[in-house]
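Undergrad: with the input below, show me the fold.
(2 chains, ligands or ions: 1)
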Amino acid sequence: MSSLDRPLILSTAITGFGYYTGDTHRAQRLIELDHYRALLRDAEAGLLNFVLFDDARSLAPDRSFGRIDVLSLASRLAPESKHVGLAISVPTTYSEPFHVSRELATLDFVSHGRAAWHVTTTYSSDEQANYGHAPAPSEQDRRSITSEFVEVSRKLWDSWEDDAVITDAERGLYLDPHKLHHINHVGRHFKVRGPQITYRPPQGHVVVIASDHGDPGVPLDVQVADVLILRSRSLAEAKQAATSYRSAASAAGREIRILQSVIPILGASEEAAQRRSQELERSYSARYSGPAPALPLIGTPAQVAGELAAWQRAQAVDGFHFLPAILPDDLGQIARELVPELQRLGLVPTAYRGTTLRDQLGLSRPISQYQGAPSEAFTAYQR
Amino acid sequence: MSSKKQLHIGIFLQGVGHSIAWRDPEHAKFTEFETYVRFAQTAERGLIDFIFFGEGLVVREHREKFFGPIVNGRPDTLALLPALAAYTKHVGLAATISSTYNEPYELARKFASIDHVSNGRAAWNVVTSFSNSVAKDSGGDQIAFNFSKEKHLEHATRYDRAREVVALIKELWDSWEDDAFIDGEIQPERIHPINHEGKWFKVRGPLDVPRSPQGHPVIIQAGQSPDGRDLAARIADVVFSPHRNIDEAKAYYDDLRQRLIGHGRSPDELRVLPGLAVIAAPTEAEAKERAEYYNQLLYNDEIVRYLLGEQSGLDFSEVDLDAPLPELDPNHPNTNKPLVESWLNQARAHKLTTRQIAEQIRPRQPLADTPVQIADHFQHWLEAGASDGFLLTPIHFPHDVEAFVDLVVPELQNRGLFRTEYSGSTLRENLGLARPVSAWQRSTVNGD
Ligand SMILES: Cc1cc2nc3c(=O)[nH]c(=O)nc-3n(C[C@H](O)[C@H](O)[C@H](O)COP(=O)(O)O)c2cc1C
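TA: Numbering: from 1, shown residues only, chains lettered A, B, ... in the order given. Below is the predicted model of the structure:
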């Protein structure tokens, strides 16, 4: 049976040299557009729904690479891509919701509705040292700051209703003043009056992603995120987690999508894939201690596709977030070898559907929470 | 052939806070991304040095109400410029960003990154977020209220912070030596912490973004106060000024030159560009007619009342503009007292109506003329040492920008006053400014 009314969601991480960080030669490529241009081309060739650009706020202690701010990167490459969603990692710890929500709204504007926000926090001692703060807020505080930060951002996205700019020359109105709103947010961490100084983003709200990538300060919370990326170690574990997130979401009246992180390690034969996996493990353990950063799926493209199909049949998750072992090689392989297998199984479509990222993910476009509300005055903020 | 001094020209897409010309049916829509692409490409067709966007961190309002007739809202410039870099090759990309409401590490990496993805075309107009008026409306503390703060910093404090922000950011831009990559391979020993500990900030560094094509993105400043001029003289590559009178402009330029020398810089390390609205047309009559048309769009009674209210903090919505200025209360809460007192004094002394008082806050008249006369003006200012060019502040987009590019640029080129192709590969090179040598390179040279 074809399941194309609910196709699998596929995404990929774009993180430095890849998740196994084996090959660090020519680190300069990480600041060259051609490197990212090729990755986006692969992602679109594989009809991936979004790419997730990793970022941080300090140099790695071993100084093995530099980077480009992912907002610049995503905005620069938006005009060179057509369909793929552009998710950027932006931390909430030492930033302002007024700036961050606006940057994301404009990324959505320049990409015609393809922006997503991977919410992260700033917590390493190297990062703190660049912001003059020590120590970083606790895990619990970072989660609480992040939740409120996203709440404020959603209010700011809503502070201009969709059709606030009317350019009605006859009545002499550029905008309808009743469709701008002070948000008058007063919370534990933030106090923001609003409105935002840019328009509502094309998607209404930029897609918000929270992922389990090892930082316990990120709230995997259905109130915060539209997309949750898990890092479960097995199908059973993922299914259990997803079930509880889904019931929380339906209780809260929130639509969410749940993805599982996987590291596909592909080979022309099963033996070749196993050999590759062992090589990767060796070079990884030479640099880092501990297990692989997520669930590896090792085999031929058909075997790995079969495994993903089993997850799909078990209705464990809505899709998969690929962590390519080595960039750019593994993303190319995923796009050219694994995705066609998934297409053959009828699990993903053979062409992009929908224009905005929300369309692609099957998430509806939120209505502004202030629609029809009177503009609240300044005094409400002072209370 | 003599190598004649040439003009440098930037173009400001104003939108917010200015343009009522949106009422013209041919005005481009600020809510469409294509408008910004067209703006950048038109400027590049005219070989313009850079395009420029402003920033105001609050929606303009008066007495807690938004005002429908004027333009509000614009895209975030840091997120917009990289996308525009994709559609252009040469034109510089300048963003106005507040030094008062941002973390230095954050700004250092953003501007360095824009410089990377545009191959050396980024510029930062450093502002301290001035308030439109002393009145609370649309400025001052209302900006602070968007950032979990209770009060906007005082003028002098804002500039104190700005001095440290920019100096610190330049240190971060220098934390990677230029040759931190050899054949693409990273050289970790050529990346250095900065260990900055100042009055405002403690930042260890290094930056996580390598030194960018321009070394330092171009720094723009537009301060007029002594503190503002001092900051410009310390840090700026380009200065905007508001002067329309050539003697004032020259005095301003001379003052900046002296200040530059005072900070150990050479006076020719700075480009001074006064802001100017230009309306070009084949005949003078057409240009004047167009200017008059804009005046009507820009300046109806409703807008006059709004501007009076916004500037003063008082309510003018019921005031008869052609009657004598009413008795205003300068002590009303949130009122711009010095401004209101000065209006009252003038009205009493000269028996002025409200409309006559409003003349003072009317936008300055544009230079509406033929290409030859506009070129004469540019040439005169350049040769008199009153400016190095202009920052164009068009009232209507695309009309004014296209008319300038199609009519005035060829006239300037014929006179040898403007480039006939982009000669440099970065904005700095097109502005004739040297690439800053990093502190690390300097110490190597000295050590040899
Ligand atoms: C052409 C021009 C453009 C300016 N654009 C901005 C802007 O976008 N945002 C802002 O906060 N200030 C802007 N300013 C204001 C200046 O930064 C500065 O605050 C003002 O000239 C007053 O000088 P002072 O700050 O030294 O008192 C601009 C000034 C000029 C002349």
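Undergrad: model confidence for residue B:133, exactly?
TA: pLDDT, residue B:133: 44.
Undergrad: check residue A:257 too.
TA: Predicted confidence (pLDDT) at residue A:257: the value is 98.
Undergrad: over to the one 4 residues further on?
TA: Turning to residue A:261, the model gives it a pLDDT of 97.
Undergrad: from the ligand, how far out is the residue lying closest to it once chain neighbours are set aside?
TA: Counting by Cβ to Cβ, 6 or more residues apart in numbering or on different chains, residue A:261 lies nearest to residue A:294, which is 4.1 Å off, once chain neighbours are set aside. Where you see a C-beta, it was placed from the backbone N, CA and C, and this is true even at glycine. According to Cβ to the nearest ligand atom, to the nearest Å, residue A:294 and the ligand sit 45 Å apart.
Undergrad: just the CA coordinates for stretch A:187-195, please, in CSV.
TA: This file holds the C-alpha atoms of stretch A:187-195, laid out as CSV (Å, rounded to 0.1, in the frame of the first residue of the first chain):
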residue,chain,number,x,y,z
GLY,A,187,7.6,37.2,31.8
ARG,A,188,10.2,35.7,34.0
HIS,A,189,13.1,36.3,31.6
PHE,A,190,11.8,38.8,29.1
LYS,A,191,9.8,42.0,29.0
VAL,A,192,9.0,43.0,25.4
ARG,A,193,6.5,45.6,24.3
GLY,A,194,6.5,45.2,20.5
PRO,A,195,5.3,45.3,17.9
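Undergrad: got the contact list for it?
TA: Stretch A:187-195 has contacts (Cβ atoms under 8 Å, 6 or more residues apart in numbering or on different chains) with A:97-98, A:144-145, A:148-149, A:151-152, A:155-156, A:159-160, A:180-185, A:378, A:381, B:59, B:142, B:145-148.
Undergrad: go on, stretch A:337-348?
TA: With Cβ under 8 Å, 6+ apart, stretch A:337-348 has contacts from A:1-4, A:7-8, A:10, A:46-48, A:264, A:266, A:301-302, A:304-306, A:308-309, A:312, A:349-350.
Undergrad: so which of those residues are in strands?
TA: Residues from the contacts of stretch A:337-348 lying in strands, with DSSP state E as the criterion: A:10, A:264, A:266.
Undergrad: anything in the helix or strand where residue A:44 lies near chain B?
TA: Assigned by DSSP states H and E, residue A:44 belongs to helix A:33-45. Yes: Helix A:33-45 lies within reach of chain B by Cβ under 8 Å from any Cβ of the partner chain, at residue A:33.
Undergrad: which secondary structure elements does that helix contact?
TA: The elements that helix A:33-45 packs onto, with contact taken as 3 or more Cβ pairs under 8 Å, 6 or more residues apart in numbering or on different chains; DSSP states H and E, are strand A:9-14, strand A:50-53, helix A:70-77, helix A:329-333.
Undergrad: only C-alpha atoms, please: export it in CSV.
TA: C-alpha atoms of helix A:33-45 as CSV (Å, rounded to 0.1, in the frame of the first residue of the first chain):
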residue,chain,number,x,y,z
LEU,A,33,30.1,29.0,-0.6
ASP,A,34,30.8,26.3,-3.2
HIS,A,35,31.0,23.7,-0.4
TYR,A,36,27.5,24.6,0.8
ARG,A,37,26.2,25.2,-2.7
ALA,A,38,27.0,21.6,-3.5
LEU,A,39,25.4,20.3,-0.3
LEU,A,40,22.2,22.2,-1.1
ARG,A,41,22.2,20.8,-4.6
ASP,A,42,22.5,17.3,-3.2
ALA,A,43,19.7,18.0,-0.7
GLU,A,44,17.4,19.2,-3.4
ALA,A,45,18.4,16.3,-5.7
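Undergrad: give me the distance from stretch A:158-174 to the chain's centre.
TA: Its chain's average C-alpha position is 32 Å from that of stretch A:158-174, according to Cα atoms, centre = their mean, to the nearest Å.
Undergrad: give me the distance between the residue nearest to residue B:399 when sequence neighbours are not counted and chain A.
TA: Distances taken as Cβ to Cβ, 6+ apart place residue B:26 nearest to residue B:399, at 6.7 Å, with adjacent residues excluded. Remark: distance between residue B:26 and chain A (Cβ to the nearest Cβ, to the nearest Å) = 11 Å.
Undergrad: next: residue B:186.
TA: Going from residue B:186 to chain A by Cβ to the nearest Cβ gives 4 Å.
Undergrad: just to check, that residue is in contact with residue A:30?
TA: No: look at residue B:186 against residue A:30 with Cβ atoms under 8 Å: they stay out of range, at 9.2 Å.
Undergrad: which neighbours do these two share?
TA: By Cβ under 8 Å, 6+ apart, residue B:186 and residue A:30 have these common neighbours: A:65, A:66.
Undergrad: show me which of these two is the more surrounded one.
TA: Counted by other Cβ atoms under 10 Å in any protein chain shown, residue B:186 and residue A:30 do not tie: residue B:186 has more neighbours, with 23 against 19.
Undergrad: distance between the ends of stretch B:268-282?
TA: End-to-end span of stretch B:268-282 (Cα to Cα, to the nearest Å): 35 Å.
Undergrad: quick check: mean pLDDT of it?
TA: 97.
Undergrad: ok, residue B:231 - contacts?
TA: Per Cβ under 8 Å, 6+ apart, neighbours of residue B:231: B:126, B:159, B:162, B:163, B:166, B:221, B:223.
Undergrad: ditto for residue A:212
TA: For residue A:212, the contact set (Cβ under 8 Å, 6+ apart) comprises A:218, A:220, A:229, A:230, A:231, A:261.
Undergrad: number of residues surrounding the second one?
TA: Taking other Cβ under 10 Å as the criterion, the count of residues near residue A:220 is 18.
Undergrad: is it true that it touches residue A:210?
TA: Yes: with contact defined as Cβ under 8 Å, residue A:220 reaches residue A:210; the gap is 5.3 Å.
Undergrad: joint contacts of the two?
TA: Jointly contacting residue A:220 and residue A:210 under the rule Cβ under 8 Å, 6+ apart are residue A:228.
Undergrad: ok, whichever residue of the stretch 101-250 of chain B sits closest to the ligand to residue B:127 distance?
TA: The minimum distance from the stretch 101-250 of chain B to the ligand, using Cβ to the nearest ligand atom, falls at residue B:228 (2.2 Å). From residue B:228 across to residue B:127, the span is 10 Å (Cβ to Cβ, to the nearest Å).
Undergrad: what sits in contact with each of these two?
TA: residue B:222.
Undergrad: returning to that earlier point: now the helix holding residue A:44: buried residues?
TA: A:33, A:35, A:36, A:38, A:39, A:40, A:41, A:42, A:43, A:44 (16 or more other Cβ atoms under 10 Å in any protein chain shown).
Undergrad: which SSE is immediately downstream of the one helix or strand residue A:341 maps to?
TA: For residue A:341, the host element (DSSP H and E) is helix A:339-344. Once the chain leaves helix A:339-344, the next helix or strand it forms, by DSSP H and E, is helix A:357-361.
Undergrad: which elements pack onto that following helix?
TA: The elements that helix A:357-361 packs onto, with contact taken as 3+ Cβ pairs under 8 Å, 6+ apart, are strand A:85-91, strand A:207-211.
Undergrad: quick one, what contacts residue 148?
TA: Assuming you mean chain A. Neighbouring residues of residue A:148 by Cβ under 8 Å, 6+ apart: A:187, A:188, A:189, A:190.
Undergrad: um, chain B though
TA: A:96, A:189, A:190, A:191, A:192.
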